[in-house]
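Novice: Structure for this input, please:
(chains A and B, ligands or ions: 2)
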Amino acid sequence: MSVAHTQPLTMAPPELLREVHFDDEMETKISELLKRYPTKQAALLPVLWLCQEKWGWLSSGVLKAIADRLDLSPAFVEGVTTFYTMYHTEPTGKYLVQVCTTLSCQLCGASGLVEHLKERFGIDFGETTPDGRFTLLGVQCLGACGEGPVVQINNDYYTRLTVETLDQILDELPE
Amino acid sequence: MEPILLKAEHEKNSRALTTYLNRGGYSALKKALIMNPEDIREEVKKSGLRGRGGAGFPTGVKWGFVPQDSPKPKYLICNADESEPGTFKDRKLIHTDPHMLIEGIIISSYAINAYTAYIYIRGEFYEEAQILEKAIAEAYKKHYLGKNILKTGYDLDVYVHRGAGAYICGEETALMESIEGKRGQPRVKPPFPAVVGLFGCPTVINNVETLACVPHIIERGADWFASIGRPRNTGPKLFCVSGHVNRPGVYELPLGVTYREIIEEHCGGVRDGKKLKGFIPGGSSAPVLPASAIDIKADFDSVAEAGSMFGSGALIVLDETTDMVWLLENLLTFYTHESCGQCTPCREGGHWALEIVRRIRRGYGRPEDLETLERISRFASQGMTLCPLGDAFCGPITGVLKHFRGEFEAAIAKAKPLPKKKLPVLPVRSGRGTFGM
Ligand SMILES: Cc1cc2nc3c(=O)[nH]c(=O)nc-3n(C[C@H](O)[C@H](O)[C@H](O)COP(=O)(O)O)c2cc1C
Ligand code: FES
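Specialist: Ligands and ions are numbered 1, 2, ... in the order given. Model (predicted):
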């Protein structure tokens, strides 16, 4: 699809996440998740997802609250969180632009996209534009190699991209 | 061959339960639930179905390893991690026919007496996870899932568990750690998952495509399934073709077609009229084969005989312009990034191999480099690591050195002498390369 259909992420400000308590709505969702597994610990990945969807990122305050809720140590929770590349322990831009840099996409011209994006945003992989709009990430194979080059923006896949279609998508993204 | 797994590929609304029922969906489940679980296991064994996730292990045999007299609960896991570069068939299946997968999961769970099943799906597949959640909700509503399924007394719950970005979680024991809420680090085997798996209980783990074959085997019989393909390599297979071809995509063909047929007939040949240089037959960890191998059969045994690996059936096509030194650097970058860090040969070996290949590509290769690469690939493969990720990064090394060694030798012959710089006393690893280049 070449029309932009991605909504921006909202990042909770760090002050708000220094100390976190789960409200009733979050509690209900967490209890639902706990029913799926025989141990509390097994709900860790889904609860991390839940919190990241709510606040945009996972501050140490959020991780502490999760640890308390699941009877785990904060160090353990942090160890798990940082193992997985999709959990963010720092706020990101409104749009996470994740370019596949693996073989099949490269064979179809992804390196041109990478250079173009770095130039357009004026940043390198792992950095965020000064206006906080875009975070650029180089990622490994996204499992859509037949439609390369592939870029994932937040949760959405954009495939068979050229510099022109990618530019058009980036221009169309809502504020 | 008539399409089987991708029958609904061009159907409108193919994901909805109603259209699945119109195609005859869930009739295999009705048939299965009045069979004895043991007979289902026998039927799948007889069909010759081999795992589509990479290793090609016979599915019915794997199910037979579950100790049925164990008092512990049993689990079924559907592996939808799909992270081997070049592989994108499970995503296609989920997009096309999620209910076929769910029907397969229910029948397979019943066959091993499991009452809970998890679908582990990679975190990037957000849309696909939603598709599955929706289909599962539909199935609960119609009593294909939940308590007392179709009034047979059998209970099953299915949950989607999302990963969060880690290739290693496709490996079965790392995947189970990840469901248990831990870092995705593979476990020591044995004990094998069939005996001590998820939450310490007997567990069967199968790939999406493997499970999607099961309803068809029950519906049409093991003999029908075994008549497709070749002896020991039976059934339909989803081939994922990417790289330098005119029509990349997922193609459903019988096991045992030739690579020539896939590339030339189905995919419209090499892109831009270029010549074929080689191809990777089974996902990025399979050793590359030269163009001269194009007439070999695409199945587990034939590709192994040719010195590579059939793997997940992902075919990456390389035209004459492909720089093999660049290719190896790209793949080693992937594997070093994805090593979980537990075993020294994989964590360190991958990094050192990458540093060496980078150096060769930047024009500073040394004559002894190729021997060092070969030494690394001996020391990190064949059982030297807890899981086969060690073998996975050695595959690309041995493949290119066997068939395209000349390109490496030429790059090394042209190399400039290393700039005279003081080397650190202890070689330290850094993202920029050992020699600060
Ligand atoms: C490093 C590594 C990554 C793997 N990734 C996947 C994967 O993404 N999907 C998959 O189905 N199997 C993957 N496997 C294979 C699984 O460990 C396991 O063998 C497979 O899911 C079994 O299913 P099957 O018998 O149906 O093939 C991987 C194996 C290794 C060593
Ligand atoms: S190589 Fe880019 S999606 Fe697989």
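
Novice: Where does the residue in chain A positioned nearest to ligand 1 sit: helix, strand or coil?
Specialist: As assessed by C-beta to the nearest ligand atom, ligand 1 sits closest to A:G143 within chain A, at 8.4 Å. (Glycine included, C-beta is placed from N, CA and C.) Look at A:G143: counting by DSSP: H, G, I helix; E, B strand; the rest coil, its state is coil.

Novice: My read is that it contacts B:T87, right?
Specialist: Yes: between A:G143 and B:T87 there is a contact under C-beta atoms under 8 Å: 6.6 Å.

Novice: three-state assignment of B:E128?
Specialist: helix.

Novice: From B:P98, how far out is it?
Specialist: The span separating B:E128 from B:P98 equals 8 Å under the rule C-beta to C-beta, to the nearest Å.

Novice: so A:I123 is in which element?
Specialist: A:I123 belongs to no helix or strand when elements are defined using DSSP states H and E.

Novice: Got the domain ranges for chain B?
Specialist: B:17-227, B:233-319, B:324-413 (automatic domain parsing).

Novice: Mind putting those into TSV with mean pLDDT, distance to ligand 1 and mean neighbour count?
Specialist: Output for the domains of chain B, formatted as TSV (pLDDT from 0 to 100; distance: least, C-beta to the nearest ligand atom, whole Å; neighbours: other C-beta atoms under 10 Å in any protein chain shown):
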stretch	mean pLDDT	distance to ligand 1	mean neighbour count
domain B:17-227	97	2	21
domain B:233-319	97	7	21
domain B:324-413	95	4	20
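
Novice: possible to save the ones you listed as JSON lines with distance to A:D24?
Specialist: Listed next are the domains of chain B as JSON lines, based on distance: least, C-beta to C-beta, whole Å:
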{"stretch": "domain B:17-227", "distance to A:D24": "23"}
{"stretch": "domain B:233-319", "distance to A:D24": "44"}
{"stretch": "domain B:324-413", "distance to A:D24": "38"}
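
Novice: Out of those, flag the one nearest A:L70.
Specialist: Among these, domain B:17-227 comes nearest to A:L70, with 7.7 Å by C-beta to C-beta.

Novice: Quick one: distance of that closest one to the chain centre.
Specialist: Centroid separation between domain B:17-227 and its chain, computed with C-alpha atoms, centre = their mean, to the nearest Å, is 15 Å.

Novice: Endpoint to endpoint, it covers what distance?
Specialist: End-to-end span of domain B:17-227 (C-alpha to C-alpha, to the nearest Å): 30 Å.

Novice: One more: stretch B:56-65?
Specialist: 16 Å.

Novice: Contacts for that stretch, please.
Specialist: Contacts to stretch B:56-65, defined as C-beta atoms under 8 Å, 6 or more residues apart in numbering or on different chains, come from residues B:41-51, B:108, B:111-112, B:192, B:194-195, B:204, B:206, B:210, B:214, B:300, B:310.

Novice: Same check on stretch B:295-304?
Specialist: Residues contacting stretch B:295-304 (C-beta under 8 Å, 6+ apart): B:50, B:56, B:229-230, B:232-233, B:237, B:239, B:253, B:255-260, B:262, B:281-282, B:286, B:289, B:305-306, B:309-310, B:313, B:315.

Novice: Quick one: name the residues of the stretch 201-350 of chain B near chain A.
Specialist: Residues of the stretch 201-350 of chain B lying near chain A by C-beta under 8 Å from any C-beta of the partner chain: B:240-244, B:248-250, B:284, B:314, B:316, B:318, B:322, B:327, B:330-331, B:333-334, B:337-338, B:340.

Novice: mind listing which of these are in strands?
Specialist: If you go by DSSP state E, those have B:240-243, B:249-250, B:314, B:316, B:318 in strands.

Novice: Going by distance to B:Y144, which of these wins?
Specialist: For these, the nearest to B:Y144 is B:V250 (26.2 Å; C-beta to C-beta).

Novice: Let me see the contact set for that closest one.
Specialist: Neighbours of B:V250 in contact, by C-beta under 8 Å, 6+ apart: A:146, B:6, B:88-89, B:92, B:238-241.

Novice: Could you save the residues you listed as a markdown table and add columns showing distance to B:F199?
Specialist: Output for the contacts of B:V250, formatted as a markdown table (distance: C-beta to C-beta, whole Å):
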| residue | distance to B:F199 |
| --- | --- |
| A:G146 | 36 |
| B:L6 | 35 |
| B:F88 | 31 |
| B:K89 | 29 |
| B:K92 | 31 |
| B:L238 | 31 |
| B:F239 | 36 |
| B:C240 | 33 |
| B:V241 | 39 |
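
Novice: which of those residues lies closest to A:F83?
Specialist: B:F88 (24.5 Å).

Novice: From B:C267, how far off is B:E261?
Specialist: Relative to B:C267, and taking C-beta to C-beta, B:E261 is found at 10 Å.

Novice: actually B:G221, not the one I typed
Specialist: 32 Å.

Novice: do B:K74 as well
Specialist: Remark: distance between B:K74 and B:C267 (C-beta to C-beta) = 41 Å.

Novice: Give me the three-state assignment for B:H143.
Specialist: coil.

Novice: Would you mind confirming that it is in contact with B:Y154?
Specialist: No: B:H143 lies out of contact with B:Y154 (C-beta under 8 Å); the separation is 10.8 Å.

Novice: Mind pulling the model confidence for the residue nearest the centre of chain A?
Specialist: By C-alpha atoms, centre = their mean, the mean C-alpha position of chain A lies nearest to A:M86, the distance being 5.3 Å. Per-residue pLDDT puts A:M86 at 97.

Novice: Quick check: chain neighbours aside, which residue is closest to it?
Specialist: The spatially closest residue to A:M86, leaving aside those adjacent along the chain, is B:G165, at 3.7 Å (C-beta to C-beta, 6 or more residues apart in numbering or on different chains).

Novice: Hmm, B:R359 is touching B:T372, no?
Specialist: No: assessed by C-beta under 8 Å, B:R359 is found out of contact with B:T372, at 10.8 Å.

Novice: Stretch B:267-282 spans what distance, first to last residue?
Specialist: 17 Å.

Novice: quick revisit: which one of the ones in strands among the residues of the stretch 201-350 of chain B next to chain A is nearest to ligand 2?
Specialist: So of these, ranked by how close each gets to ligand 2 (C-beta to the nearest ligand atom), first place is B:S242, at 6.9 Å.

Novice: B:I205 should be in a strand, yeah?
Specialist: Yes: assessed with three-state DSSP, B:I205 lies in a strand.

Novice: That one is in contact with B:T173, isn't it?
Specialist: No: using C-beta under 8 Å, B:I205 makes no contact with B:T173, being 9.0 Å away.

Novice: hey, what's in contact with both of these two?
Specialist: Common neighbours of B:I205 and B:T173 (C-beta under 8 Å, 6+ apart) are B:P193.

Novice: Strands of the chain, residue ranges please.
Specialist: You didn't pick a chain, so chain A it is. Using DSSP E, strands in chain A cover A:95-100, A:134-139, A:151-153, A:156-158.

Novice: try again with chain B
Specialist: Using DSSP E, strands in chain B cover B:75-80, B:116-121, B:157-162, B:203-207, B:229-230, B:233-234, B:236-243, B:249-254, B:276-280, B:289-290, B:314-319.
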